[in-house]
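Enquirer: would you be able to build a 3D model of this:
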Amino acid sequence: MKRHSLFLSLLAVALAACAGTAPNVLHVQAGPAGAGSTKIEINDRYLERAVAFGEVSVKALGAGGSYEVQVPLTNLTERDIAFEYRFMWYDARGFELSTVTSWLPAVLGAQETRGFRSVSPAASAASFKLMVRSSKPVTPTGS
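Expert: I've put the predicted structure just below:
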């Protein structure tokens, strides 16, 4: 019995170590009129100290009702920072509208600030999340 509980404890520790960290998230209520409320969720303490979210800009794109957002990210360190990011779009009821959900690689140079952009996929978009996480290493598939 003791051996079984020790195995379960070691398994739990191993799974926690492999799980990785959740992304830092900037939640924004936005629309053609501009950015509304914003909320930052920090899950990666290294990125919290290394990368800062800037002020959100919103631009209407013609009569179709779509709009473009830009969020500046600033590297707060003296070294280049590699990370991954993605935008997720939601309608007013919280349903996901995003069609592309893959993580995109990015690098910010030391003390660099650069805007990251996304266009709403539909006129019904009411909010978005910009998620930023530490880069995940590429693992070999074996051959």
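Enquirer: report how many residues lie close to residue 51.
Expert: Using other Cβ atoms under 10 Å, the number of residues around residue 51 comes to 21. Just so you know, the C-beta spots here come from the backbone N, C-alpha and C atoms, and that holds for glycine as well.
Enquirer: now it: how far from residue 134?
Expert: Residue 51 is 10 Å from residue 134, where distance means Cβ to Cβ, to the nearest Å.
Enquirer: so what sits against both of those two?
Expert: residue 83 (Cβ atoms under 8 Å, 6 or more residues apart in numbering).
Enquirer: what's the spacing between residue 47 and residue 82?
Expert: Applying Cβ to Cβ to residue 47 and residue 82 gives a distance of 11 Å.
Enquirer: quick one, which of those two is more surrounded?
Expert: Neighbour totals were compared for residue 47 and residue 82, and residue 47 leads with 20 against 10 (other Cβ under 10 Å).
Enquirer: now name the helix or strand holding that one.
Expert: helix 45-50 (DSSP states H and E).
Enquirer: what packs against that helix?
Expert: Secondary-structure packing of helix 45-50 (3 or more Cβ pairs under 8 Å, 6 or more residues apart in numbering; DSSP states H and E): strand 125-134.
Enquirer: quickly run through the sheet partners of the strand it packs on, with directions.
Expert: The strands beside strand 125-134 in its sheet (DSSP bridges) come out as strand 24-31 (antiparallel), strand 81-91 (antiparallel).
Enquirer: can you show me the helices along the chain?
Expert: All helices of the chain, identified by DSSP state H, fall at 2-19, 45-50.
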